[in-house]
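**Q** Fold the stuff below for me.
(chains A and B)
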2 protein chains.
Amino acid sequence: MVQIPNPSSAPEPSAPRSAPTSADVARLAGVSRATVSYVLNNAGAVRISEPTRRRVHDAARELGYVPHAAARSLRAGHSRTVLMPAPSFPAGPLYSGFLSELQWALGRLDYTVVQYGSVGLHGDEAARAWAELRPVAVLVPGRGPGPRGVEILKRSGARAVVTLGPEAVKGAHALLMDHAVVGHRAVRHLVERGRRRIGVVMPAEDGLEFFSAPRLAGARDAVRGTDATVTELPLAHEERAAARLADRWDSLGLDAVFAYNDEYAMLLMRALQDAGVRVPGDTALIGADDLMLGRLLRPRLSTVHLELPSGRDLAALVDRAVHDPGAAPERREVLGATVVHRESS
Amino acid sequence: MVQIPNPSSAPEPSAPRSAPTSADVARLAGVSRATVSYVLNNAGAVRISEPTRRRVHDAARELGYVPHAAARSLRAGHSRTVLMPAPSFPAGPLYSGFLSELQWALGRLDYTVVQYGSVGLHGDEAARAWAELRPVAVLVPGRGPGPRGVEILKRSGARAVVTLGPEAVKGAHALLMDHAVVGHRAVRHLVERGRRRIGVVMPAEDGLEFFSAPRLAGARDAVRGTDATVTELPLAHEERAAARLADRWDSLGLDAVFAYNDEYAMLLMRALQDAGVRVPGDTALIGADDLMLGRLLRPRLSTVHLELPSGRDLAALVDRAVHDPGAAPERREVLGATVVHRESS
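**A** Below is the predicted model of the structure:
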């Protein structure tokens, strides 16, 4: 469908039916349009008496008038919108909880958080699509925009671009989440338990290589200087794929597996048990994410517990950055990881 | 923080630093501002030669100019934004998959989908917050706005309000998802398998009563006219709560359970097995959602497979409604449910 722009129309939005305007509110309340704008946009810098304030609010309610966020941001030159592109990876429960807390914390600071489903957009193209919404800040989980994308966002008025991922991008604040630490902790634990031939599950699903590649790098790092070895185990999250892997288990000669996360660990544990491989007797197994299902498995699943930054801290960082857009980009390593040793390893 | 509106400023957005404007693009391309607007906003109604089009795009790219979605929607009188308030219930994998498909399908129809985290907003207040973004359509999962909220949204320019939930709201299109069918199918299956004293798990977690209450109603409906009975089993999704329930299992005298969904079923199956209750010998068990984990349990979990409407169909409905805002609200029953019989029942 096409939009037919009408450059000659007034800035006041026209809507189908008779949408009430701020002029209607001003008329009913017996005040100027500027006063309506001051009151409804919470402009604290202008003193307006409480009775006037109340009259404006009553009139707006009676008419069903709602201020227009876009018009307000055009006047103010910026918005209170924090844009979060939807992550390109499947969000697990841990990450979903983190996002909810972050949205809540930004809401408390009076930002409006919108999530943007940027399906099929990449790199600068995605940055341009985000810039069209003129957000005051952009929070990018996963693979961030390149330096040119950051520049596009900043030139269009974003005061802060914050990436949450493995790499820092020029011009953007970076909350570095290096998943190498997860693989390192898991495999060091297996080595300390006396295991030497260690498999590392690499999910076949798209979008996860972003986490699995650094986890593998951390695993390799953990065996450096020991006589232990690391073997990659590509695995799709499907029963049949797990059964096929379990069927050739003996030929692999492994005595331990870091299964990428708890969901792959559950899948693999079931397949190994069905194939007669004893866990942890023949093969020790450890997952990651510390999901509840791990405690429900028998043997209970060992796992790596991840610590994400608190949503409140991250919201405070965004707010600081918005107030001081010229400050040097912050870089912080924020991912913590500790092993939870249960029965499977 | 406060915003200081500046009603005297020009409609062209001012941004920190020297943000390029459409006037800069027009100057560099040697065309009028109206032409820049026609080209960058894809106004198909106006014929513009291909070389001019290319000149405008090149100039915009060179200057890093991005059109302002808000300014465009102010001019056009409406936006291409479809607003989806974030659901108030924890979204499971089934629902997340449905949302992704929907966002993809709306994107293909050239809508921009934004998800809005309306934490702590309820009823009309939420509707007003959504209206500030002037969406062309609003898609509300779960408990929708009331009739007054729908009116607020429509008066502010929304051409379609669509609810996805158990009840229709006056003025809005309704995709009715009556979860009674889920409980009905599950419990009818248990009755057909010869079970008579049937427990129905009621999650203690907030936000789920929305699904659990109709599922219970469906369960009660399924035993009507039989000698079977239904007993409510409140349960939090925690190991200890499940263990306590399993400890008093014998005193309940149940021979079957519909466990709300597969995740509660996994929790309860583990607790029952640990307490020496045989599944399905002593107690038959069925979940819902058809998650993969059900196939990984031993015995394999029986479940109710849900069929949600396709994201593509729903996107088409939104598009139709936007084109014909005066049409009578559509009401469609969209939730399908079939039993997948495995080993636990």
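
**Q** quick one: the helices in chain A?
**A** A:22-29, A:33-40, A:50-63, A:69-76, A:93-108, A:123-131, A:147-155, A:180-192, A:209-223, A:239-247, A:249-252, A:262-274, A:293-296, A:311-323 (DSSP state H).

**Q** Where among those is average confidence lowest?
**A** The minimum mean pLDDT among those belongs to helix A:69-76 (a mean of 65).

**Q** Tell me how far the nearest residue to A:L306 once chain neighbours are set aside lies from B:L293.
**A** Excluding the flanking residues, the one nearest A:L306 by CB to CB, 6 or more residues apart in numbering or on different chains is A:A337, at 5.6 Å. Glycine gets a C-beta too; all of them are placed from N, C-alpha and C. For A:A337, the distance to B:L293 equals 24 Å [CB to CB, to the nearest Å].

**Q** again with A:T303
**A** 16 Å.

**Q** Tell me which of these two has more neighbours.
**A** Between A:T303 and B:L293, A:T303 has the larger neighbour count (other CB atoms under 10 Å in any protein chain shown), namely 27 against 19.

**Q** hang on, isn't the more buried one packed against A:M292?
**A** No: the pair A:T303 / A:M292 is not scored as a contact, 10.6 Å apart, by CB atoms under 8 Å.

**Q** quick one, what contacts A:A256?
**A** Contact analysis of A:A256 by CB atoms under 8 Å, 6 or more residues apart in numbering or on different chains lists A:190, A:193, A:195-199, A:283-286, A:345.

**Q** Any idea what it is bridged to?
**A** A:I198, A:A284 (DSSP bridges).

**Q** what distance separates stretch A:289-300 from the middle of the whole chain?
**A** Put simply, stretch A:289-300 sits 24 Å off its chain's centre (CA atoms, centre = their mean, to the nearest Å).

**Q** what's the span of that stretch from first residue to last?
**A** 14 Å (CA to CA, to the nearest Å).

**Q** now what about it, what contacts it?
**A** Everything outside stretch A:289-300 that qualifies as a contact, by CB under 8 Å, 6+ apart, is A:92-94, A:261-263, A:265-266, A:269, A:279-280, A:287, A:301-306, A:340, A:342-344, B:237-239, B:266-267, B:270, B:293.

**Q** Identify the bridge partners of the closest residue to A:V223 other than its chain neighbours.
**A** Distances taken as CB to CB, 6+ apart put A:V230 closest to A:V223, at 5.6 Å, once the chain neighbours are dropped. On the basis of DSSP bridges, A:V230 is bridged to A:I198.

**Q** Contact partners for A:V230?
**A** Neighbour list for A:V230: A:187, A:198-200, A:216, A:219-220, A:223 [criterion: CB under 8 Å, 6+ apart].

**Q** May I ask which of those has the most neighbours?
**A** A:V187 leads the contacts of A:V230 on contacts (other CB under 10 Å) with 28 neighbours.

**Q** returning to what we had before: just the buried ones out of the contacts of stretch A:289-300, please.
**A** A:92, A:94, A:261-263, A:265-266, A:269, A:279-280, A:287, A:301-304, A:306, A:340, A:342, A:344, B:237, B:266-267, B:270, B:293 (16 or more other CB atoms under 10 Å in any protein chain shown).

**Q** do you know how far A:L175 is from chain B?
**A** 19 Å (CB to the nearest CB, to the nearest Å).

**Q** wait, doesn't that residue sit right on A:P166?
**A** No: counting by CB under 8 Å, no contact exists between A:L175 and A:P166, whose distance comes to 10.5 Å.

**Q** More neighbours: these two, which one.
**A** Taking other CB under 10 Å, A:L175 and A:P166 do not tie; A:L175 has more neighbours (22 against 19).

**Q** Out of the contacts of A:A256, the closest to A:S156 would be?
**A** A:I286 (45.4 Å; CB to CB).

**Q** Spit out the contact partners of the closest one.
**A** Contact analysis of A:I286 by CB under 8 Å, 6+ apart lists A:186, A:189-190, A:256-259, A:265, A:301-304, A:339, A:344-345.

**Q** so can I have a markdown table of the helices of chain A showing distance to B:V182?
**A** Formatted as a markdown table, the helices of chain A follow (distance: least, CB to CB, whole Å):
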| stretch | distance to B:V182 |
| --- | --- |
| helix A:22-29 | 47 |
| helix A:33-40 | 44 |
| helix A:50-63 | 40 |
| helix A:69-76 | 38 |
| helix A:93-108 | 22 |
| helix A:123-131 | 38 |
| helix A:147-155 | 44 |
| helix A:180-192 | 37 |
| helix A:209-223 | 34 |
| helix A:239-247 | 24 |
| helix A:249-252 | 39 |
| helix A:262-274 | 24 |
| helix A:293-296 | 22 |
| helix A:311-323 | 33 |
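
**Q** Between those, which one is closest to B:F210.
**A** The nearest among the helices of chain A, by CB to CB, is helix A:93-108 at 17.4 Å.

**Q** Might one say that A:V36 is in contact with A:V25?
**A** Yes: A:V36 is within contact range of A:V25, at 5.0 Å (criterion: CB under 8 Å).

**Q** Overlap of the contact sets of the two?
**A** A:56, A:60.

**Q** Residues in contact with stretch A:304-312: which ones?
**A** A:94-95, A:98-105, A:175, A:177, A:182, A:185-186, A:286-290, A:332, A:334-340.
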